[in-house]
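Trainee: structure of the sequence below:
(chains A and B)
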Number of protein chains: 2
Amino acid sequence: MAKNKKAAARKKMVYYFGDGKADGNGKLRNLLGGKGANLAEMSSIGIPVPAGFTITTEVCTHYYANREKYPRELAKQVDDNLKKLEKTMGAKFGDPSNPLLLSVRSGARVSMPGMMETVLNLGLNDAIAAGMIEKGGNERFVWDAYRRFVQTYGDVVMGVAPEGKEHDPFEVAIDKMKDKRGVELDTDLTADDLKKLTADFKRIVKRRTGRKFPQDPQEQLWGGISAVFKSWNGARAIIYRNINSIPHEWGTAVNVQSMVYGNMGDDCATGVAFTRNPSTGERKFYGEYLVNAQGEDVVAGVRTPEPVANMRKAFGPAYKTLEGIYKKLEKHYKDMQDIEFTVQEGRLWMLQTRNGKRTAAAALKIAVDMVKERLITKKEAVMRVEPDQLDQLLHPTFDPKATRNILAKGLPASPGAATGTVVFTAEEAEVAAAKGEGTILVRLETSPEDIGGMHAANGILTARGGMTSHAAVVARGMGKCCVAGCGDINIDYGKDQFTVGKTTVKKGDWVSLDGSSGEVMLDQVATQEPKLSGNFGTLMKWADEFRKLDVRTNADTPHDSEVARKFGAQGIGLCRTEHMFFESDRIRWVREMILADDEAGRRRALGKLLPIQRGDFEGIFKAMKGLPVTIRLLDPPLHEFLPHEKDQQADMAKQMGVSARVVRDKVESLNEFNPMLGHRGCRLGITYPEIYEMQVRAIIEAAVNCKNKRIKAIPEIMIPLVGTVKEFTELREMTDRIAAEVMAAKKTKVKYMVGTMIEIPRAALVADQIAESAEFFSFGTNDLTQMTFGYSRDDAGKFLGEYVDKGILATDPFQSLDQDGVGHLVEVGTQRGRKSRKSLKVGICGEHGGDPSSVEFCHNVGMNYVSCSPFRVPIARLAAAQAALS
Amino acid sequence: MAKNKKAAARKKMVYYFGDGKADGNGKLRNLLGGKGANLAEMSSIGIPVPAGFTITTEVCTHYYANREKYPRELAKQVDDNLKKLEKTMGAKFGDPSNPLLLSVRSGARVSMPGMMETVLNLGLNDAIAAGMIEKGGNERFVWDAYRRFVQTYGDVVMGVAPEGKEHDPFEVAIDKMKDKRGVELDTDLTADDLKKLTADFKRIVKRRTGRKFPQDPQEQLWGGISAVFKSWNGARAIIYRNINSIPHEWGTAVNVQSMVYGNMGDDCATGVAFTRNPSTGERKFYGEYLVNAQGEDVVAGVRTPEPVANMRKAFGPAYKTLEGIYKKLEKHYKDMQDIEFTVQEGRLWMLQTRNGKRTAAAALKIAVDMVKERLITKKEAVMRVEPDQLDQLLHPTFDPKATRNILAKGLPASPGAATGTVVFTAEEAEVAAAKGEGTILVRLETSPEDIGGMHAANGILTARGGMTSHAAVVARGMGKCCVAGCGDINIDYGKDQFTVGKTTVKKGDWVSLDGSSGEVMLDQVATQEPKLSGNFGTLMKWADEFRKLDVRTNADTPHDSEVARKFGAQGIGLCRTEHMFFESDRIRWVREMILADDEAGRRRALGKLLPIQRGDFEGIFKAMKGLPVTIRLLDPPLHEFLPHEKDQQADMAKQMGVSARVVRDKVESLNEFNPMLGHRGCRLGITYPEIYEMQVRAIIEAAVNCKNKRIKAIPEIMIPLVGTVKEFTELREMTDRIAAEVMAAKKTKVKYMVGTMIEIPRAALVADQIAESAEFFSFGTNDLTQMTFGYSRDDAGKFLGEYVDKGILATDPFQSLDQDGVGHLVEVGTQRGRKSRKSLKVGICGEHGGDPSSVEFCHNVGMNYVSCSPFRVPIARLAAAQAALS
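Mentor: Just a heads-up that it's a prediction; the model follows:
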């Protein structure tokens, strides 16, 4: 115990920086916090930062572990560093004739913007204010600094806070003063006004806290330090950490730094800049500054800042220094920097540097350029681009110059820009498309029956449903623009119109949708096609060199397959055969099959479907040019193929030559309480084997036909919704039997694989049993997430939003794979599967296949591939490369 | 290799038995099969069994592993044993002057009744038949035996089988003969007729197989042995093994045994008997026999058998031997035996002995008696009674003497006997109950709104739904008789009647339901109350001495709680608060809460519910007399509390003073695609915290009030449907806050626990996180099974039956816990939970808590308790004891 105390006493708790040197460096983020480490790093490479010192996060931890007491040695270390600081800055803390003023700021390992406290201008008191003015200082500046200090210190350190519904007493005093002077703005107050306000503020502090505002700079300093440490456990900070999963035991560091001012006169200025253009990536210094101003003034927009290049004239030497610094910073950090600086009396001080945010186009250009400039390697370039950002580049966008007449806003369900005339039914969209007219399909919500119309429309707008509703999922799969859950629109199908407030939009009117922002606009807004520039191609080529995971696509049509192949897909990971069942030339036979009274009747109807399905598969094999194609046998419950509305049922009955009652009875008998957990997937294959038999026959016949036409076809037959090993073995036997029959009849052999989707929790748990006869697994993480969480994707919108807002869930688990729960099953399933079959091919085909963090997870689990919608293939390729590199 | 062959050659493949000795014994079941081991055991303790030998199951395995070839040494071993057999029996195989005839039978480790082949009278040929008759044998007997042998051998060994729709050619020949003779029965045929038939049969064999019926007894013997081995892999046997999870590699043994005949004359007889009364358990030799008859005649019922005691007169010496034997068998096997015997020419032969099946009452009496007789220990007694059998004793039953006028048959959904007048709505049942009238509630299917009526009725009859439908589950929980899914009844709500065929049953007519058989009867059938006899109490006391698991009950009312406590429940493991919400004095407030526009409105309505809920809990605490009570906070989605039919919605609107549209809109807005996976459980608690706050307040206030009345109350508050740790921690914080508030206000402290139901797969996977703040886990295996399998309990009926029939699933996973999948999650959840919190209390509260094999699983996992419906508490107690003992 005694020994520990001594060790603690000897421990370095304060790290100095300034004057081209620093005790710490950029790597000590955990000890010094992000800001402290950054300041140390800049200082140590000779960047002129206002000198100062950082009190470590360990002091914070000690403080809370010991009833808010500091380690005994801290006072001395702070003192020593303060002396060093005085020496560096050539000024003295508390000396009226040459005062050193300080800022005291928090700085945790990760940024928690606005959650903790800051005190500026610390060290000011009556004597020093007087001294500064005496020495010829700008009187207004001095009193403004002083009154600000009293206000902040009163709030933050001494706890002057408005009570109940009362207004902030400091602000009340300012307002009174302005009224008295008959002015509008704080800046219109004179030096004298501010001096009086300072006195008022001190009285407020006394009245509210019973204590006088401290005149002793040392007392001020320790008050400031304590206030920062205390703010780590303020209510706001705790909630923020809970939401963002930041451990409470990390603690914050405290940065004590000398103040510099950009607002002391016309030889002062302040500015922000980027080392390259953050919008285009162009290699050109880019930024703005304001003369005689403080940092916040540049952003606030009260005065118009000037381009940073203009500084060359007005602040010649400072600008020259700045030029040298920004180049040095880029070389040092090897990335485009976002910097803040201040010029005080002609001397340049750097306040902050960090990697700058940029658009996708800029990110690509900067990464590729920096490789050319030999600043970074190809690997580093690949790591520099956010995969999700690429999405911006892969869809049409609105011309940024076009005017937008915004009518309503829904969820940005599937990115892109679309314009078209309004239609309210899938049929209308199909009819219009046949005439070459572009439409926007507007529905309360979509259902599988609308697939044809969704394909035909330019964009989809729904009034209900969330980011994972049917409309959203299908639209993303098609790469089609979709705004979902736009509750502002009131659809009246009867009148063929919808209204938003008092605006009525009729069938045939033009509207435009922005799938990236969720905006619904009146009229035609001009769009521009995506340009996959040279930089895009270059970076993707590099990414492909590094990645280990294959990237496949989810595609159900030859057209989607081709799009995906152009985006770099290495096969189809999920071809959903049910989408094929809905098209108009076949839904009739599907319904006839469902209405049939016996197996013979079903087989007759399936016989009509066989040649059509075979044609589908031939088309896809052809489009994929010899790449593997995973075909999932029929998955949805049969009732999805029957109409649910009375009129449509009557139409169907007429078409099929049966009574409406027959149709209604069938719909009722197939009705399910929880269709998600119902009679679907391989459960259909077991109870109606003839359906899967037809599909297997179509697949193998298609492969044989392709072979005879010298087109390579690699079918991988996937059995969905397997939960028990016997489901799989029974259906695999059937598959092999039918395949053997076809090959014998056609006298041609083709290779094929048989595997399963792992989407039922139980399947992951008994994966070892299943892998004994399955050749591949594809994790269907959409359904696996539904069942592992017990969330219905169609219903969870009622609480998921609140769950994410309240921090119960970090993210929507349908968008980013839940690694603790669902991910655990994926891992267990993969391991157990590979235990039984070393060569087991493992992939993922849920929506997560295109989510970068999920792709990383799949890489780490050791999967062979991820599969995602065509438009996310490049994103997955890049994410896979980053996973391999990190 | 060579060595192995030698070892195999030396291996003993044939085990002899007979003459008071045996090579094997009862423990060699795996090697000799059940029948072979049994015969060896009997023989070795000196029971007179017809001598014979058993060819081991290893020979069967070898046979299939070696392209249906026998080990080289087998022929010699069979030969040696056959010689021994001839010596024992004093007869010679194939000797016309003194022939030995044989039976050849299969015998696997476990009985596979009717799945494999048997050949009797083997060794007969023309010469031997002639010889037997010549020596004065009963001519008719000889020809009957011969023609039977030719028929069986032709079928089984030589493959004479009817083709297509053709009738069995042997049976055709018999029918022709009977026509010719103008007789009705086989037994009316004369010796001569049978002789002619034998010749016809041999011709049939020649014609159908191209081969002559073999006259060589050795050829017959090997043909018979091969036929038995081959039948192990017959289609029927394979399917049977698949369904019953019997490994295909076990193989069958072959038993070759000398024939004995009970039908050679009046000094012959055959009989079956039990060593004690299998119906009452009375210690009295009990059985029947027939003179001059074969075994099947006793069962067939053509002739009326005599009580076995009558043998004393007619078969004095044989009966005396039999008496000695049955006593010896009981002493040896230490259990009541079911025996088969034959007397041939005055000499007694035992054919079979096995533990006899018995009723629950008999099982109890026999077990308790045998302990008194010092035949078995208490532990053995506890192991002797099938827990599931107790069910028979725990419900009222129909007087077995009463006549039953059976109208229809449905599923035996919840056992018991009920009579009452027919009503068609829950309200009518409640009204009648208020007047003291017993009813049978007849519904298409029930829904949560019917709970009150189900409680009020004597029994429930539904036209739809399976063993796990709402009606079935709720009725079992209440211990109420229920016949579900009775498709024969056509309900016409409009006319207040139902019909079955041409019978019409109107409202007010009497009907009776047998919940154990599914029978629906007209009129009042007399019932008798269950008598929990002294034996029941004795055995349960012994069970309690041995078991380690506590047994709790699922109960929602003081009445159910009391019933359960009388059945031995040690607490409530699941008190579902939603059932309380449906009762008529409160549903109004529940609906007002749901219709409220804002939190304030909800809180107003909840304020009305608070005192009622508090009263509920006080009642239950009182009934449980200081035993712990686990109360689950509200679980079902809110739409369950609103009516779904238009009329009822209108009624509700009127009652609440709102427009019908308001009700309809609310029902629509709450509608869910998959309510099972929807907005329910703790998801309600997070989004509408005021609901759970009211419930916690009611629980703690009730506990405080009880304490003030000196009633001990141990509330365990259970948060349902937790899937993420933050759901739990947030709601636990709320619970502790409210509890502290109540205790401070009332100035009384009470103890309580807070835990969760583990029913979401993810919860089991992150159980370590949850157990950090949860004090107990209760596995809700109903929902856990639904989500782990992806089966909706309400819908799975559409395929589960077929799954079990086809052997895809061994049993319905909602009835018996799936140990591979769901069980794995239970195990993982328990282990991870206990890793974080050693003292974690773990139980189960799904339907499985009353299923014996699931109880055993829970014991093995190391749970603290199981919880089941009141009427299954004794079953669980016994099952828990058996688990601890085995």
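Trainee: gap between whichever residue of the stretch 501-650 of chain A sits closest to chain B and A:M656?
Mentor: Using CB to the nearest CB, the closest approach of the stretch 501-650 of chain A to chain B is made by A:P637 at 8.9 Å. The C-beta positions use only the backbone N, C-alpha and C, and glycine is treated the same way. Distance of A:P637 to A:M656, computed by CB to CB, to the nearest Å: 20 Å.
Trainee: which of these two has more residues huddled nearby?
Mentor: Using other CB atoms under 10 Å in any protein chain shown as the criterion, A:P637 and A:M656 rank with A:P637 on top: 20 against 14.
Trainee: chain neighbours aside, what residue packs nearest to that one?
Mentor: Excluding the flanking residues, the one nearest A:P637 by CB to CB, 6 or more residues apart in numbering or on different chains is A:R680, at 4.2 Å.
Trainee: coming back round to it: who's in contact with the residue of the stretch 501-650 of chain A closest to chain B?
Mentor: By CB atoms under 8 Å, 6 or more residues apart in numbering or on different chains, the residues touching A:P637 are A:670, A:672, A:675, A:678-680, A:684.
Trainee: if you set the cut-off to 6 Å instead, what comes out?
Mentor: Residues near A:P637 by CB atoms under 6 Å, 6 or more residues apart in numbering or on different chains: A:675, A:678-680.
Trainee: determine which two of the residues you listed are furthest apart.
Mentor: Greatest spacing in the contacts of A:P637, by CB to CB: A:P675 and A:H679 (8.4 Å).
Trainee: go through chain A and flag its longest helix.
Mentor: For chain A, the helix that runs over the most residues, judged by DSSP state H, is helix A:599-624.
Trainee: need the next SSE after it, C-terminal direction.
Mentor: Remark: after helix A:599-624, the chain's next helix or strand is strand A:628-632, criterion DSSP states H and E.
Trainee: what pairs with that following strand, parallel or antiparallel?
Mentor: Strand A:628-632 sits in its sheet next to strand A:572-576 (parallel), strand A:714-719 (parallel), going by DSSP bridges.
Trainee: closest one to B:F779 among the ones you listed?
Mentor: Proximity to B:F779 (CB to CB) singles out strand A:714-719 among those, at 30.1 Å.
Trainee: so A:S867 lies in a strand, does it not?
Mentor: Yes - A:S867: assigned to a strand according to DSSP: H, G, I helix; E, B strand; the rest coil.
Trainee: now do it against B:R732, distance only.
Mentor: Separation of A:S867 from B:R732 (CB to CB) stands at 40 Å.
Trainee: those two: who's more crowded?
Mentor: Shown here are A:S867 and B:R732; by other CB under 10 Å, A:S867 has more neighbours (30 against 20).
Trainee: so what's the more buried one up against?
Mentor: Residues near A:S867 by CB under 6 Å, 6+ apart: A:552, A:554, A:573-574, A:843, A:845, A:849.
Trainee: if you set the cut-off to 8 Å instead, what comes out?
Mentor: A:S867 neighbours (CB under 8 Å, 6+ apart): A:551-554, A:571-574, A:630, A:778, A:843-845, A:849.
Trainee: residues touching A:R604, list them.
Mentor: If you count contacts by CB under 8 Å, 6+ apart, then A:R604 has A:592, A:596 around it.
Trainee: please redo it, this time with the cut-off set to 10 Å
Mentor: Contacts for A:R604 (CB atoms under 10 Å, 6 or more residues apart in numbering or on different chains) come out as A:589, A:592-593, A:596, A:598.
Trainee: and stretch A:367-378, end to end?
Mentor: End-to-end distance for stretch A:367-378, by CA to CA, to the nearest Å: 8 Å.
Trainee: how far off centre is that stretch?
Mentor: Taking CA atoms, centre = their mean, to the nearest Å, the mean C-alpha location of stretch A:367-378 is offset from the chain mean by 26 Å.
Trainee: buried set for that stretch?
Mentor: Taking 16 or more other CB atoms under 10 Å in any protein chain shown as the neighbour-count basis, stretch A:367-378 is seen to contain the buried residues A:367-371, A:375-376, A:378.
Trainee: the one helix or strand A:R661 maps to close to chain B?
Mentor: According to DSSP H and E, A:R661 maps onto helix A:660-670. Yes - contact of helix A:660-670 with chain B (CB under 10 Å from any CB of the partner chain) involves A:669-670.
Trainee: which strands or helices does that helix pack on?
Mentor: helix A:587-595, helix A:646-656 (3 or more CB pairs under 10 Å, 6 or more residues apart in numbering or on different chains; DSSP states H and E).
Trainee: mind giving me the packing neighbours of the first one?
Mentor: Secondary structure elements in contact with helix A:587-595, counted by 3+ CB pairs under 10 Å, 6+ apart, are helix A:577-581, helix A:599-624, helix A:646-656, helix A:660-670, helix A:689-708.
Trainee: try it again at 7 Å.
Mentor: When contacts are defined as 3 or more CB pairs under 7 Å, 6 or more residues apart in numbering or on different chains; DSSP states H and E, helix A:587-595 packs onto helix A:599-624, helix A:646-656, helix A:660-670.
Trainee: repeat for the last one
Mentor: Under the contact criterion of 3+ CB pairs under 7 Å, 6+ apart, the helices and strands touching helix A:646-656 comprise helix A:587-595, helix A:660-670.
Trainee: now, of those, which is deepest in the fold?
Mentor: Mean neighbour count (mean count of other CB atoms under 10 Å in any protein chain shown) peaks for helix A:587-595 among the helices and strands packed on helix A:646-656, with a mean of 20.
Trainee: where does A:G465 land in three-state SS?
Mentor: Here A:G465 is coil, with the state taken from three-state DSSP.
Trainee: so where is the stretch 501-650 of chain A shaky, pLDDT-wise?
Mentor: Scanning the stretch 501-650 of chain A with the threshold set as pLDDT under 70 gives A:531-533.
Trainee: typo on my end, the stretch 351-500 of chain A
Mentor: Scanning the stretch 351-500 of chain A for pLDDT under 70 picks out A:468, A:477.
Trainee: write out the residues of it neighbouring chain B.
Mentor: Within the stretch 351-500 of chain A, no position is near chain B by CB under 7 Å from any CB of the partner chain.
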